[in-house]
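Participant: what follows is a predicted structure for the sequence shown.
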Amino acid sequence: MVSQGKQVWSEDPDKLDPKSPIIKRHKILCTLPWRGFLVPSPGASLGNRSVVQNVSSILVFTLSGLDGTVENKYVLFSLTALCYNFVLLCNITVIFSITSDKCLHEPMYIFLCNLCINALYGTAGFYPKFMYDLLSQLHVISYAGCLIQIFVIYSSALCDFSTLTVMAYDRYAAICRPLEYHSEMTNHKIVKFIIFSWFAPLFCIAVLVLLTSRLALCGSNIEKIYCENWAVVKLACSSTTVNNVIGYIVLVVYFGHAVLIVGSYIQLIETCRKSKESRYKFMQTCTPHILTLLNVAISLMFDVLYSRYGSNSFPRGLRIFLALDFLLMPPILNPLIYGLTLTKIRKQMLQECKVQDYKTDEQFLSTGHQTCEHLTHYLFPPPTLNWYDKISKFFAVLH
């Protein structure tokens with residue numbers, strides 16, 4: 001897609017014939033927004049037999065992960081649209097259930113609400129573009145759009161992990177130190193935790209995207225169905241040492257998150273062995289957290305391993321699944337796990353459904369009652385007085 005390593009030799013550029021093949025080719029390349037083009041460097045000499053330096057400029061990337069899916073594109077589009085609507089429904093339902101009930105305005109449920117909001121944020125960076133590509137003949141994305149997609153998708157993934165770390169600390173404080181829990185988990189501290197769960201991922205991914213944007217690229221083909229940071233870095237012509245170092249630092253930081261989670265659960269298990277009430281509380285509130293944590297961690301591990309060490313020899317279906325796993329599974333399973341296992345949320349969701357059904361039934365019965373009255377009045381009109389009865393009544397009044 002990009003012209004690489006090609007040189008244009010010319011005499012004085014002002015004397016070039018406009019109809020020459022070089023000028024025609026340059027015009028064609030400039031009219032195609034996804035092509036590379038040749039730009040003379042500011043200090044280049046244009047004397048006899050001088051070289052115009054070649055600088056590749058990537059304006060559009062090609063996403064080749066969807067190649068070969070043309071035959072099933074409508075089926076895939078229908079399944080993807082159904083999946084995205086299901087993600088929106090599940091997460092918005094949990095968010096509305098928590099925000100509408102004051103009894104659920106507790107730290108654990110507030111962090112869960114933050115997890116669902118982050119799921120909406122992350123899926124918005126992938127599903128609309130993916131559905132558009134399924135129906136499009138050209139699977140391309142602009143350079144700026146690619147960097148934005150990287151930022152949104154991976155900041156959302158890291159935000160999931162940060163939120164789960166905060167939730168693990170919350171469960172540790174609630175079960176291991178129940179007497180100090182309410183004095184420790186104040187509203188001010190909850191706000192700090194939420195800011196941390198968003199600021200740390202946004203900052204880390206912003207640094208990685210800025211480092212990627214400074215690289216000179218020698219290609220424009222990304223062998224995935226969405227933009228991924230390491231896939232863009234592999235296209236670089238220059239050294240990527242700084243990108244690798246910062247990337248490993250981010251991995252170490254979030255490995256530290258995992259150590260904190262494991263440490264908190266070791267303390268939780270030791271505490272729960274001493275009390276039956278603690279064991280019940282652990283099973284009720286920590287089980288969904290563990291399932292969600294495993295879901296997110298395994299999905300991210302698949303994505304990292306596939307990005308770094310994946311091979312094109314894998315079947316196409318397996319490659320698409322590995323690419324979609326962390327974008328598909330956590331946003332769907334997280335609200336389902338919490339919605340089905342946490343009693344308060346489940347009761348609130350069922351209560352909302354019952355209230356809506358009651359309102360609908362009441363409106364239906366009221367409308368039906370009015371309709372029956374009109375129909376009865378039309379079929380069986382009330383009796384009216386004829387002239388003989390009116391005259392008889394008149395004389396009776398006079399008498």
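Facilitator: Structure's in. What do you need?
Participant: please make it C-alpha for all contacts and neighbour counts, starting now.
Facilitator: OK.
Participant: and the next helix or strand past the helix or strand of the chain with the lowest mean pLDDT?
Facilitator: None of the helices or strands of the chain scores lower by mean pLDDT, DSSP states H and E than strand 50-52, at a mean of 33. Next along the chain after strand 50-52, taking DSSP states H and E as the criterion, comes strand 60-63.
Participant: return the distance of that next one from the chain's centre.
Facilitator: The chain centre lies 21 Å from the centre of strand 60-63; the measure is CA atoms, centre = their mean, to the nearest Å.
Participant: what's the average pLDDT for the helix or strand that it is followed by?
Facilitator: Next helix or strand after strand 60-63 toward the C-terminus (DSSP H and E): helix 73-100. Averaged across helix 73-100, the pLDDT comes to 91.
Participant: please name every helix or strand in contact with helix 73-100.
Facilitator: Applying 3 or more CA pairs under 8 Å, 6 or more residues apart in numbering; DSSP states H and E, one finds that helix 73-100 makes contact with helix 107-124, helix 127-135, helix 316-341, helix 343-379.
Participant: in the third one, what counts as buried?
Facilitator: So the one you mean is helix 316-341. For helix 316-341, burial by neighbour count (16 or more other CA atoms under 10 Å) applies to 319, 322-328, 330-339, 341.
Participant: ok, the closest residue to residue 158 other than its chain neighbours - contacts?
Facilitator: Using CA to CA, 6 or more residues apart in numbering and skipping the chain neighbours, the partner closest in space to residue 158 is residue 201 (5.4 Å). By CA atoms under 8 Å, 6 or more residues apart in numbering, the contact set of residue 201 is 155, 156, 158, 159, 162.
Participant: 7 Å - rerun?
Facilitator: Going by CA atoms under 7 Å, 6 or more residues apart in numbering, residue 201 touches 155, 158, 159.
Participant: contact partners for residue 223?
Facilitator: Residue 223 sits next to 63, 64, 65 when contact means CA under 7 Å, 6+ apart.
Participant: wait, I meant residue 164
Facilitator: Counting by CA under 7 Å, 6+ apart, the residues that residue 164 touches are residue 293.
Participant: change it to 8 Å
Facilitator: Residue 164 makes contact with 289, 293 under the criterion CA under 8 Å, 6+ apart.
Participant: and the one 4 residues further on, by the same measure?
Facilitator: Neighbouring residues of residue 168 by CA under 8 Å, 6+ apart: 261, 264, 265, 289.
Participant: can you name the two of the residues you listed that sit furthest apart?
Facilitator: Spatially, the most separated pair among those is 264 and 289, at 12.3 Å (CA to CA).
Participant: can you show me the strands along the stretch 151-300 of the chain?
Facilitator: 221-222 (DSSP state E, counting those that start in this stretch).
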